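Participant: Sequence unavailable; structure follows:
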Ligand SMILES: Cc1cc2nc3c(=O)[nH]c(=O)nc-3n(C[C@H](O)[C@H](O)[C@H](O)COP(=O)(O)O)c2cc1C
């Protein structure tokens, strides 16, 4: 892990135009547990406020290795590109699982020590949100409109109870405890 990198603080709410656009195209969610750092691509996520706290809400399916990592260690970083072509990184981290691939090593990504969380940022996607999970909840299939259930959780069509909830998204509320731009990245 390379240190020190120069970091400039950012106000997430002032930069919502950049963050919001980036989330739509894909950003990374990075976790650390058991001496392993793993990043997965997400394109669903919300920046908002609850309990007077700035919160990044991520929606993670139960089948992801990231889900397991988050249950063990409730901290993550969101890594947002700032220009540059990160398509290859987003494709790779969005199609390979950390269960059987060390994505960081394979891609040669530069990890940068976090400040308020033990999870690193990534120099190649330098806008960094450090988050601590303050709440998590699996979404309730019974509360999801039928057409959305059909589209995103097709196994529920059969009504097979053994499948219920298997790959439903869990919302992880990460309190954003720090946000900055890593400078001098690749
Ligand atoms: C553009 C894109 C966006 C994605 N968004 C999400 C998401 O918001 N939530 C989710 O659970 N999976 C999402 N995925 C799928 C995961 O990134 C993918 O399953 C990944 O391999 C999981 O890695 P892991 O097993 O190491 O956690 C997305 C994939 C891509 C390509």
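Facilitator: Cool, the structure landed. Bear in mind that the values here come from a model prediction, so they are computed numbers and not experimental data.
Participant: alpha carbons only for contacts and neighbour counts from here, please
Facilitator: Will do.
Participant: which neighbours does the longest strand anywhere in the chain have in its sheet, and in what orientation?
Facilitator: Assignment by DSSP state E gives strand 169-182 as the longest strand of the chain. Strand 169-182 sits in its sheet next to strand 7-9 (antiparallel), strand 53-61 (antiparallel), strand 127-138 (antiparallel), going by DSSP bridges.
Participant: The very next helix or strand once past the longest one close to the ligand?
Facilitator: The one in question is strand 127-138. Using DSSP states H and E, the next helix or strand after strand 127-138 towards the C-terminus is helix 146-152. No: Helix 146-152 is not in contact with the ligand by CA under 6 Å from any ligand atom; minimum separation 11.2 Å.
Participant: Give me the buried positions along helix 146-152.
Facilitator: residue 149 (16 or more other CA atoms under 10 Å).
Participant: can you tell me the average pLDDT over it?
Facilitator: Averaged across helix 146-152, the pLDDT comes to 91.
Participant: ok, now stretch 13-25?
Facilitator: Mean per-residue pLDDT for stretch 13-25: 92.
Participant: If you count neighbours, what's buried in that stretch?
Facilitator: Quick answer for stretch 13-25 (16+ other CA under 10 Å): 19, 22, 23.
Participant: hmm, back to that, of all the strands paired with strand 169-182, which one is nearest the ligand?
Facilitator: Closest approach to the ligand among the strands paired with strand 169-182 is made by strand 53-61 (3.5 Å; CA to the nearest ligand atom).
Participant: what residues does the protein put near the ligand?
Facilitator: Checking the chain against the ligand by CA under 6 Å from any ligand atom, the hits are 26, 40-44, 59-61, 64-66, 91, 93-98.
Participant: One more pass at 8 Å, please.
Facilitator: When proximity is defined by CA under 8 Å from any ligand atom, the chain lies next to the ligand at 25-27, 38-45, 58-67, 90-99, 101, 103, 169.
Participant: Can I have the buried ones of those as a ChimeraX selection?
Facilitator: With 16+ other CA under 10 Å as the criterion, this ChimeraX line picks the buried residues out of those:
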select :26,27,38,39,40,41,42,43,45,58,59,60,61,62,65,66,67,90,92,93,94,97,98,103,169
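Participant: got the strands paired with strand 169-182 as JSON lines, with mean pLDDT columns?
Facilitator: Below are the strands paired with strand 169-182 laid out as JSON lines (pLDDT from 0 to 100):
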{"stretch": "strand 7-9", "mean pLDDT": "96"}
{"stretch": "strand 53-61", "mean pLDDT": "98"}
{"stretch": "strand 127-138", "mean pLDDT": "98"}
